[in-house]
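Asker: Just to be clear, the model below is a prediction. Sequence and coordinates:
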Amino acid sequence: MTSSLIRARTGPPVLLLIAVLVFLLPASPQADNKDSEIQGTILRQIEAFANDDGEAAWRVASEGIKRRFGSSEVFLAMVKQSYPAVHRASAIEFLRLVPHGDFEIQVVRLKGPEGKRWDAYYRMVLVDGQWKIGGVQMQPADLGI
């Protein structure tokens, strides 16, 4: 009688643990894959900017960005003028990925050409299985003490 009570008391937590593991284990590789795909997209665009390759930078931009700027030339000129830390980043560090409903926010710390550090908040959208950059907002990085 006692052993059946113990089994009854330990059974559900064990089953709960197994259920949690079943749901978490398959999600891990997908989460890692999503992280690496998003980071890869951002790195491809930053590399394209570094090489002044407007077409390559344009390919990873969302349709909203494309409608707003109309051409890769106008887009590249805007980035050169308004986002020098993105255009000529000398250091890149991926900080965190924040789910936000229909899109993700990838926080990236950049070091600009003047040596100043910036936190860039990339809005990432999934379009036909490909991550695209839907915009970026920047603010000076908090360097702490």
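Answerer: Perfect, I can see it now.

Asker: Helices of this structure, residue ranges please.
Answerer: 2-50, 54-59, 63-69, 72-82, 84-87 (DSSP state H).

Asker: what pLDDT, on average, does the third one get?
Answerer: So that's helix 63-69. Mean per-residue pLDDT for helix 63-69: 97.

Asker: which helices and strands does it pack with?
Answerer: Contacts defined by 3 or more Cβ pairs under 8 Å, 6 or more residues apart in numbering; DSSP states H and E place helix 63-69 against helix 72-82, strand 130-140. Bear in mind the C-beta positions are built from the backbone N, C-alpha and C, glycine included.

Asker: I'd like these laid out as a markdown table, including distance to Ala89.
Answerer: As requested, those are exported to a markdown table (distance: least, Cβ to Cβ, whole Å):
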| stretch | distance to Ala89 |
| --- | --- |
| helix 72-82 | 11 |
| strand 130-140 | 11 |
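
Asker: among these, which is nearest Arg109?
Answerer: strand 130-140 (10.5 Å; Cβ to Cβ).

Asker: and that closest one, how far out from the chain's middle?
Answerer: 8 Å (Cα atoms, centre = their mean, to the nearest Å).
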